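Colleague: Kindly generate the corresponding structure for this input.
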Amino acid sequence: MNDTAAATAAAAATAATAAAAAHELSASRTLWELLARRADLTPGRRVLLQGDRALTFGGLRERAERTAAGLHGMGVRPGTVVAWQLPTRLETAVLSFALARLGAVQTPVIPFYRDREVGFALRESKAEFFATPGVWRGFDHTEMARRLGAKGVFEAYDDLPDGDPAVLPAPPAEGGSVRWIYWTSGTTSDPKGVLHTDRSLIAGGSCLAHALRLTADDIGSMAFPYAHIAGPDYTVMLLLYGFPAVLFEHFALPDALAEYRRHGVTVAGGSTAFYSMFLAEQRKQPGVPVIPTLRLLAGGGAPKPPEVYHAVVREMGVQLTHGYGMTEVPMITMGAPDDTAENLATTEGRPPEGMEIRVAGDGEVRLRGEAVCRGYLDPGQSAEAFDADGFLRTGDLGRLTESGHLVLTGRLKDVIIRKGENVSAKEIEDLLAAHPGVGDVAVIGLPDAERGERVCAVVEQPPGARALTLEAVTSYLRAAGLATHKLPEQLELVDALPRNDTLRKVLKYKLRERYSGTVK
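Modeller: Coordinates of the predicted model:
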């Protein structure tokens with residue numbers, strides 16, 4: 001055997017060993033047990049990196065236990081509801097694991113949310129304590145908390161509660177109790193409180209970890225809020241495979257590139273909007289890798305046009321794997337690096353073992369499995385969310401291929417009904433995404449007295465692009481083979497599509513509100 005073959009064989013053996021350990025660790029009953037077992041295996045390996053600071057697996061366990069003792073001294077007990085609205089920092093991860101050590105019920109709140117969403121979350125969860133970052137990015141979160149009448153307000157930015165772990169009770173022994181309340185984005189109404197267990201979060205993170213085939217030599221990155229459901233999803237992956245991730249308290253390109261390069265990040269991403277941002281940076285210097293060590297972009301949470309996949313592979317020279325998840329089910333399917341290019345471009349990947357996917361008669365994707373949430377805080381919402389067989393109704397439309405890959409075709413509420421004919425917004429968006437004059441696009445249905453609804457394309461153009469016209473758009477779509485009744489009848493050009501602050505999803509309801517009164 002030559003040196004190259006020997007090195008390849010050794011790498012394969014190492015990867016196989018890591019995968020076997022990860023599968024064994026994924027059987028952990030609780031998140032604290034998972035951390036403790038990883039800390040026993042590799043106590044000195046780094047897990048979280050931020051600027052000049054780093055935490056090892058052993059250090060994370062030690063700091064979390066001391067913080068848990070401090071929280072215990074404040075009165076936090078198993079089952080106590082603790083809300084926290086904190087940015088993506090080492091301290092946030094420590095506090096979250098401290099609460100997991102105590103068996104408290106924690107309800108993370110995205111740090112960009114303000115009085116309406118925060119007040120709703122505090123009231124509905126009946127939080128007994130609320131951790132804030134104090135003044136963060138010019139906004140006083142502690143003052144807001146007091147204005148809202150929050151209980152047990154304390155700041156947890158640089159300093160965390162501290163105490164002697166000797167006072168701690170035994171850690172929770174089972175992972176099937178609801179210990180997490182996450183919040184849907186609340187883009188059209190009040191948010192829903194989504195109930196998760198340690199086991200449902202471990203199951204979701206395991207799907208992501210096993211699909212991406214990562215190793216202990218990888219270096220990941222969290223460019224999204226740690227308070228998002230993707231926070232534990234990603235952290236579980238770190239614990240299973242024993243590699244670190246770089247945390248970004250505030251993510252913006254090109255400023256963040258220095259940290260990616262400094263730490264030698266091999267895996268980046270977040271969602272489609274993140275892929276597009278990396279592509280935009282790459283196009284500033286074609287042929288020069290924007291992050292030299294990068295080998296994989298991965299993410300989910302928003303639709304991915306096939307052209308985005310092809311552009312990343314072609315221009316950045318890295319692989320792109322995309323998945324499907326939601327607050328209710330943090331990871332449903334995930335593309336694997338060894339999937340075919342066709343499947344990686346046009347599907348959301350395959351479900352892991354234990355995730356059942358059923359496509360109902362109307363095309364709705366429904367889910368059942370350990371990673372599925374236990375329902376909502378509102379029992380009425382829970383009753384509506386699950387069908388008679390216990391499958392979660394996602395509201396997404398899709399189909400399964402013969403190979404078991406999931407193709408999403410739109411949303412039940414995102415089908416435009418024009419003159420009695422159904423028009424998929426996603427189909428038009430995917431085609432327009434390949435147009436050189438389109439940076440991003442959202443297709444919406446607008447009220448129309450004659451047609452019922454008319455098709456409107458809202459386009460965000462790349463810098464320096466010539467202004468598109470409706471005629472140019474429809475000609476392009478005709479040439480691409482789009483049926484005549486699906487062609488847009490209205491085109492709007494915007495500097496930037498409205499997005500949320502987590503995974504940068506386009507907020508279509510804002511576009512409908514803006515353009516519903518227009519007449520074309």
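
Colleague: C-alpha from now on. contacts and neighbour counts both.
Modeller: OK.

Colleague: show me where pLDDT drops low in the protein?
Modeller: Per-residue confidence for the chain (pLDDT under 70) gives these ranges: 1-17, 185-189, 420, 502-503, 518-520.

Colleague: In the chain, which residue is most central in space?
Modeller: Ala230 (4.2 Å; C-alpha atoms, centre = their mean).

Colleague: That residue and Val118, how far apart?
Modeller: 19 Å (C-alpha to C-alpha, to the nearest Å).

Colleague: before we move on, back to that, how much space separates the residue nearest to the centre of the chain from Ala209?
Modeller: Ala230 is 12 Å from Ala209, by C-alpha to C-alpha.

Colleague: Leaving out sequence neighbours, find the closest residue to Phe251.
Modeller: Ala223 (5.7 Å; C-alpha to C-alpha, 6 or more residues apart in numbering).

Colleague: What backbone torsions are found at the one you found?
Modeller: Per-residue torsions, Ala223: phi -100, psi 10 (degrees, to the nearest 10).

Colleague: Then Leu55?
Modeller: In terms of degrees, to the nearest 10, the main-chain angles of Leu55 are phi -120, psi 140.

Colleague: Report the beta-bridge partner residues of it.
Modeller: Under the criterion DSSP bridges, Leu55 forms beta bridges with Leu48.

Colleague: For it, grab the count of nearby residues.
Modeller: Using other C-alpha atoms under 10 Å, Leu55 is surrounded by 19 other residues.

Colleague: Help me confirm that Met334 comes into contact with Pro351.
Modeller: Yes: under the criterion of C-alpha atoms under 8 Å, Met334 makes contact with Pro351 at 6.7 Å.

Colleague: tell me the domain ranges of this structure?
Modeller: The record assigns the chain these domain ranges, following automatic domain parsing: 30-199, 419-515.

Colleague: Highest mean neighbour count out of those domains?
Modeller: Of the domains of the chain, the one with the most neighbours on average (mean count of other C-alpha atoms under 10 Å) is domain 30-199, at a mean of 19.

Colleague: List the contacts of the residue nearest to the centre of the chain.
Modeller: Ala230 is in contact with 224, 330, counting by C-alpha atoms under 8 Å, 6 or more residues apart in numbering.

Colleague: For it, what are phi and psi?
Modeller: phi -70, psi -20.

Colleague: Okay, it and Tyr376: tell me how far apart.
Modeller: On the measure of C-alpha to C-alpha, Ala230 and Tyr376 end up 18 Å apart.

Colleague: again with Ala18
Modeller: In terms of C-alpha to C-alpha, Ala18 sits 36 Å off from Tyr376.

Colleague: now Glu342
Modeller: For Glu342, the distance to Tyr376 - C-alpha to C-alpha - is 37 Å.

Colleague: These two: which has the busier surroundings?
Modeller: Neighbours were counted for Glu342 and for Tyr376 using other C-alpha under 10 Å; Tyr376 has more, 20 against 11.

Colleague: Tell me what that one is bridged to.
Modeller: Here Tyr376, judged by DSSP bridges, has bridge partners Val194.

Colleague: can you map out the strands along the stretch 351-500 of the chain?
Modeller: 356-359, 364-368, 392-400, 406-411, 415-418, 421-424, 440-448, 452-460, 490-494 (DSSP state E, counting those that start in this stretch).

Colleague: is it possible to export these to TSV including distance to Gly270?
Modeller: Output for the strands of the stretch 351-500 of the chain, formatted as TSV (distance: least, C-alpha to C-alpha, whole Å):
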stretch	distance to Gly270
strand 356-359	24
strand 364-368	23
strand 392-400	20
strand 406-411	19
strand 415-418	26
strand 421-424	25
strand 440-448	16
strand 452-460	20
strand 490-494	24
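
Colleague: For Glu513, which of those is the nearest?
Modeller: Closest to Glu513 of those is strand 440-448 (C-alpha to C-alpha; 9.3 Å).

Colleague: in stretch 378-386, what counts as buried?
Modeller: 382, 385-386 (16 or more other C-alpha atoms under 10 Å).

Colleague: And the contacts of that stretch?
Modeller: With contact meaning C-alpha under 8 Å, 6+ apart, stretch 378-386 is reached by 192-193, 375-376, 392-394.

Colleague: Now with 6 Å, please.
Modeller: Applying C-alpha atoms under 6 Å, 6 or more residues apart in numbering, the contact partners of stretch 378-386 are 375-376, 392-393.

Colleague: Stretch 444-460 now?
Modeller: Taking C-alpha under 6 Å, 6+ apart as the rule, stretch 444-460 contacts 416-419, 439-443, 488-496, 516.

Colleague: Any idea how far apart the tips of it sit?
Modeller: 14 Å.

Colleague: Likewise for stretch 40-59?
Modeller: Terminal residues of stretch 40-59 lie 11 Å apart, using C-alpha to C-alpha.

Colleague: how far does it sit from the chain's center?
Modeller: Stretch 40-59 has its C-alpha centroid displaced from the chain centroid by 23 Å (C-alpha atoms, centre = their mean, to the nearest Å).

Colleague: now stretch 202-215
Modeller: The answer for stretch 202-215 is 14 Å, by C-alpha atoms, centre = their mean.

Colleague: do the same with stretch 425-439
Modeller: 23 Å.

Colleague: do the same with stretch 318-336
Modeller: With C-alpha atoms, centre = their mean, you get 8 Å for stretch 318-336.

Colleague: now stretch 452-463
Modeller: The answer for stretch 452-463 is 25 Å, by C-alpha atoms, centre = their mean.

Colleague: again with stretch 208-222
Modeller: Worked out by C-alpha atoms, centre = their mean, stretch 208-222 lies 15 Å from the chain centre.
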